[in-house]
Structures are given as structure tokens and as C-alpha cells.
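# Below is the structure, and that's it, no one-letter string:
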């Protein structure tokens, strides 16, 4: 009797990778919603107009970055496996 087991790739690795993509996409969508909410609240701050404008612009830049990250994830699903 041998104690050596043959190596077989786990079939669940691809499934786990897909689950991770879905989880990350969900987290990014949640982050996007929170950033948009914070942007709206920042716009209503009783601070000097220049400060509010810069704060909101930085938040909108963050929203754009999250949207680009979501686009990258979406493109990954459409690309052919290597």
C-alpha cells in the first residue's frame, strides 16, 4: 500500500475564482453607492464653496475610478479563457 496520492487539480478552483469576482464586484458596487451618497452629502456641507467644490470633485474622481474597476471586471468575464 502506498501513501502517495496522485495529483488531481481541484475542479472547484475555477468556481471559487468566479465567486471571488462576484464578491469583488458586489463590494465595488456597494462602494460606488456609498461614494455617491457621500458626494451628495459633501455638496450640502456648510463649508466655503471652494472647499466643497474640491471635496466633491475628488469624490467624483473616486466614483470614476470605481466605475473603471467594475468595467475591468466586466471585460474579464467577456474575454476568452487563456
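That came through, no problem. Note that this is a predicted model, so its numbers are computed, not measured.

# Would you mind listing the buried residues in the host helix or strand of residue 65?
Per DSSP states H and E, residue 65 falls inside helix 49-78. For helix 49-78, a neighbour-count test (16 or more other C-beta atoms under 10 Å) marks 55-56, 59, 62-63, 66, 70 as buried. C-beta here means a position set from N, CA and C on the backbone, and glycine is covered the same way.

# how far away is residue 73 from residue 63?
According to C-beta to C-beta, to the nearest Å, residue 73 stands 16 Å off from residue 63.

# The residue lying closest to residue 45 once chain neighbours are set aside: what's it in contact with?
In space, and not counting its chain neighbours, residue 45 is closest to residue 52: 5.4 Å by C-beta to C-beta, 6 or more residues apart in numbering. Residue 52 sits next to 42-43, 45 when contact means C-beta atoms under 8 Å, 6 or more residues apart in numbering.

# Quick one, which of those residues are buried?
residue 42.

# Just put the contacts of residue 52 in TSV and tack on distance to residue 22.
TSV is the format used below for the contacts of residue 52 (distance: C-beta to C-beta, whole Å):
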residue	distance to residue 22
42	30
43	32
45	35
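
# could the contacts of residue 52 go into TSV alongside secondary structure, pLDDT and distance to residue 36?
Listed next are those as TSV, based on DSSP: H, G, I helix; E, B strand; the rest coil; pLDDT from 0 to 100; distance: C-beta to C-beta, whole Å:
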residue	secondary structure	pLDDT	distance to residue 36
42	helix	94	11
43	helix	92	11
45	coil	90	16
